[in-house]
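**Student:** Show me the folded form of this:
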Amino acid sequence: MVVTQELADELPAEAVGEAKARAATLLLAFRHGNQLAFDQELDLLLTEHAEREVTTLLTWIAAEAVRKAYAPDVGDKVLRAMARRAPDDTGAVDVDEETSNAAQLIEAVADGRVAEVRGLVAATPDTTFLLGGLLQGVAMMLPLLPEGELAEITAELRRRHGGAAHVPEARAGV
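**Tutor:** A predicted model of the protein is given here:
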């Protein structure tokens, strides 16, 4: 039988799953260029003083990725090269705004041009930004809907996605 001993600064076993989920949330936001989600999760971690746990898990994830992708000596070379090329502003998420066109996407959706919609999405490496632009466009259109339309649309969406039957009334100006 192997007996393990928890170190003073070691993350308790019951908190590992939560820390992994938080690390994954941070990585997904960074990977998909979602600066708002990244900043929000980072602020939460800093407020809760969970930086050490999440940093440890992110380091473990990165080390595992390097270990699986490269032979040991090559992995070390890759890490050294990355360390030399570290950006000055490490808090910014890489967002490629120039490659997405939300207005073109809205027009293609409105006209039912399925092939163009698929092409736009496929040609946009940062789909989070593209969909964010689409969401902003929808939000700008909502006040133009006739009275009661928003409630009907949300009710239909809830029916399609198995949501609750209760649909709150649309607020004026939303």
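**Student:** give me the element Ala115 is part of.
**Tutor:** Secondary structure assigned from DSSP states H and E places Ala115 in helix 114-122.
**Student:** now the angle from the following helix or strand past that helix to helix 114-122?
**Tutor:** Later in the chain than helix 114-122, the nearest helix or strand by DSSP H and E is helix 127-141. Our comparison of helix 127-141 with helix 114-122, counting by axes from the mean of the first three to the mean of the last three CA atoms, to 10 degrees, yields an angle of 120 degrees.
**Student:** Just the pLDDT for Val93.
**Tutor:** Predicted confidence (pLDDT) for Val93: 62.
**Student:** Only the buried residues of the strand or helix carrying Arg52, if you could.
**Tutor:** Using DSSP H and E, Arg52 sits within helix 51-69. Of the residues in helix 51-69, those buried by neighbour count under the rule 16 or more other CB atoms under 10 Å are Glu53, Val54, Thr56, Leu57, Leu58, Val66. C-beta here means a position set from N, CA and C on the backbone, and glycine is covered the same way.
**Student:** which residue is nearest the middle of the chain?
**Tutor:** Ala29 (3.1 Å; CA atoms, centre = their mean).
**Student:** who are the neighbours of whichever strand or helix holds it, in terms of helices and strands?
**Tutor:** Assigned by DSSP H and E, Ala29 belongs to helix 13-31. Using 3 or more CB pairs under 8 Å, 6 or more residues apart in numbering; DSSP states H and E, the elements in contact with helix 13-31 are helix 35-47, helix 51-69.
**Student:** got CSV for those, with mean pLDDT and distance to Thr124 too?
**Tutor:** Below are the helices and strands packed on helix 13-31 laid out as CSV (pLDDT from 0 to 100; distance: least, CB to CB, whole Å):
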stretch, mean pLDDT, distance to Thr124
helix 35-47, 86, 16
helix 51-69, 86, 25
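**Student:** Which of the ones you listed sits closest to Asp88?
**Tutor:** Each of those has some distance to Asp88 by CB to CB; the shortest is helix 35-47, at 16.7 Å.
**Student:** for the closest one, packing partners?
**Tutor:** Helix 35-47 packs on helix 13-31, going by 3+ CB pairs under 8 Å, 6+ apart.
**Student:** in the helix it packs on, what's buried?
**Tutor:** Quick answer for helix 13-31 (16+ other CB under 10 Å): Ala19, Lys20, Arg22, Ala23, Thr25, Leu26, Leu27, Ala29, Phe30.
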